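# give me coordinates for this.
(one chain, ligands or ions: 2)
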Amino acid sequence: MSIDPEGLADRVLAGDRLTLARLLTLIENEEPEGLDALTILYPHTGNAHRIGITGAPGTGKSTLVNRLAGVFRKMVGDKDDQGLSEPDHVAVVAVDASSPFTGGAILGDRIRMRDLAGDPGIFIRSMASRGTLGGLAKSTSSVVEALDAAGFGIILIETVGAGQAEIEIARAAHTIVVIDAPGLGDDVQAIKAGILEIADILVVNKCDLPGADNTLSALQAALTLGYAETSSSPEGERGEEKSMKWRPPILPTIATQGDGIPQLANAIQDHRACIEATGEWIRRERESMKVRLEGLLREQLVLRFMEQHSDVLFESLLDKVLTREVEPRRAIQLLIKGEAL
Ligand SMILES: Nc1nc2c(ncn2[C@@H]2O[C@H](COP(=O)(O)OP(=O)(O)OP(=O)(O)O)[C@@H](O)[C@H]2O)c(=O)[nH]1
Ligand SMILES: [Mg+2]
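Ligands and ions are numbered 1, 2, ... in the order given. This is a model prediction of the structure:
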């Protein structure tokens, strides 16, 4: 059956959720019709607040994201001429790289179905981590774009903060929430290196469990240390800029009971307001699009190169690299120059 990309795009813009689900599948499978529809939809994007939720496996991300979606649906927007505006529609994208050991994702999905079914303002999509990790980041960006065009004002993106690709996905968000929980061993080590630095908001979930206070204070200490290092940087900071600077709060939650979730929703809204006021929003949009375009360019250049050149040269260079006759970077120089050996 042929698919008409214009018809698809029109129905997505009109709020047809079944068509949206179908489009997301086309995008995930990298079908050309999906890309054609995205091209039509692209001018309608740019309105969503993208929120990355990341953290170690089993910290309660899925449970927390469900609660958060529900809380956002109850928050009314700013007052305009017509009175209070409707709550934003909320989309959840769960990038399922969960390890088979925790089994958390399955449970989380069951809770999702039970709590959120029936609210047409909430849309949930799980993305399987098949294919390359780079491919995952790429299709996640496109899925998020489709949801943005479909009118979701808030898009929550859950990733397990376990690897580079997941960190890349989180980085494409306007607001990054990093979740920690007690009982994961060394509290700060439990958060992968590099992930604390990208957090706009830190959450200690499972505060009903023993050790929560230790996790809170360990994070506080790590954060204070991080700040001491930045503020002693040689450039210095003007007082005014410093006062505008966002300081990541550390918030306690019990996601299973909903405790602390309204405070988290408020902190996320505050962060949005802060980065909009300082121009950081625009800077982040530009930076994440730059990374995305560079990735797409790299991919296309490699594909084109491989199409235009015979495998023979590549394979013979590969052989020579393996026998230590040619150094790898030198091999690529030779390959690009087209110099056969
Ligand atoms: N005690 C307690 N358990 C919680 C809390 N939040 C979540 N859990 C439980 O922790 C387990 C994992 O929850 P998930 O929400 O699936 O965690 P996750 O971080 O999404 O897991 P992965 O996606 O597999 O990384 C489940 O058994 C939850 O019921 C909490 O606040 N307190
Ligand atoms: Mg999960």
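# regarding Leu251, what is its secondary structure?
strand (DSSP: H, G, I helix; E, B strand; the rest coil).
# list the contacts for Thr19?
Leu8, Arg11, Val12 (C-beta atoms under 8 Å, 6 or more residues apart in numbering). (C-beta placed from N, C-alpha, C; glycine too.)
# kindly export the one helix or strand it maps to (C-alpha atoms) in PDB.
Using DSSP states H and E, the element containing Thr19 is helix 17-28. C-alpha atoms of helix 17-28 as PDB (Å, rounded to 0.1, in the frame of the first residue of the first chain):
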ATOM      1  CA  ARG A  17      -3.000  10.000  17.200                       C
ATOM      2  CA  LEU A  18      -3.200   6.800  15.200                       C
ATOM      3  CA  THR A  19      -1.600   8.400  12.200                       C
ATOM      4  CA  LEU A  20       1.000   9.900  14.500                       C
ATOM      5  CA  ALA A  21       1.900   6.500  15.800                       C
ATOM      6  CA  ARG A  22       2.100   5.200  12.200                       C
ATOM      7  CA  LEU A  23       4.400   8.100  11.300                       C
ATOM      8  CA  LEU A  24       6.700   7.400  14.200                       C
ATOM      9  CA  THR A  25       7.100   3.800  13.000                       C
ATOM     10  CA  LEU A  26       7.900   5.000   9.500                       C
ATOM     11  CA  ILE A  27      10.500   7.300  11.000                       C
ATOM     12  CA  GLU A  28      12.000   4.500  13.200                       C
END
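# give the buried residues for that helix.
Within helix 17-28, the residues scored as buried using 16 or more other C-beta atoms under 10 Å are Thr19, Leu20, Arg22, Leu23, Leu24, Leu26, Ile27, Glu28.
# redo the contacts of Thr19 as a markdown table? Include neighbour count.
As requested, the contacts of Thr19 are exported to a markdown table (neighbours: other C-beta atoms under 10 Å):
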| residue | neighbour count |
| --- | --- |
| Leu8 | 24 |
| Arg11 | 19 |
| Val12 | 26 |
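# I'd like those written out as TSV, with pLDDT, secondary structure and distance to Thr323 added.
Shown next, in TSV, are the contacts of Thr19 (pLDDT from 0 to 100; DSSP: H, G, I helix; E, B strand; the rest coil; distance: C-beta to C-beta, whole Å):
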residue	pLDDT	secondary structure	distance to Thr323
Leu8	95	helix	52
Arg11	96	helix	57
Val12	96	helix	54
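# just curious, which of these is nearest to ligand 2?
Of all those, Val12 has the smallest distance to ligand 2: 26.3 Å, by C-beta to the ion.
# from Val95, how far out is that closest one?
21 Å (C-beta to C-beta, to the nearest Å).
# what of Arg272?
22 Å.
# between the two, which one's more packed in?
The residue with more neighbours, out of Arg272 and Val95, is Val95; 25 against 17, by other C-beta atoms under 10 Å.
# I'd assumed Glu168 was in contact with the more buried one.
No - counting by C-beta atoms under 8 Å, Val95 does not reach Glu168; the two are 10.7 Å apart.
# give the buried residues for the helix or strand harbouring Ser62.
Counting by DSSP H and E, the element that carries Ser62 is helix 61-74. Within helix 61-74, the residues that count as buried by 16+ other C-beta under 10 Å are 61-73.
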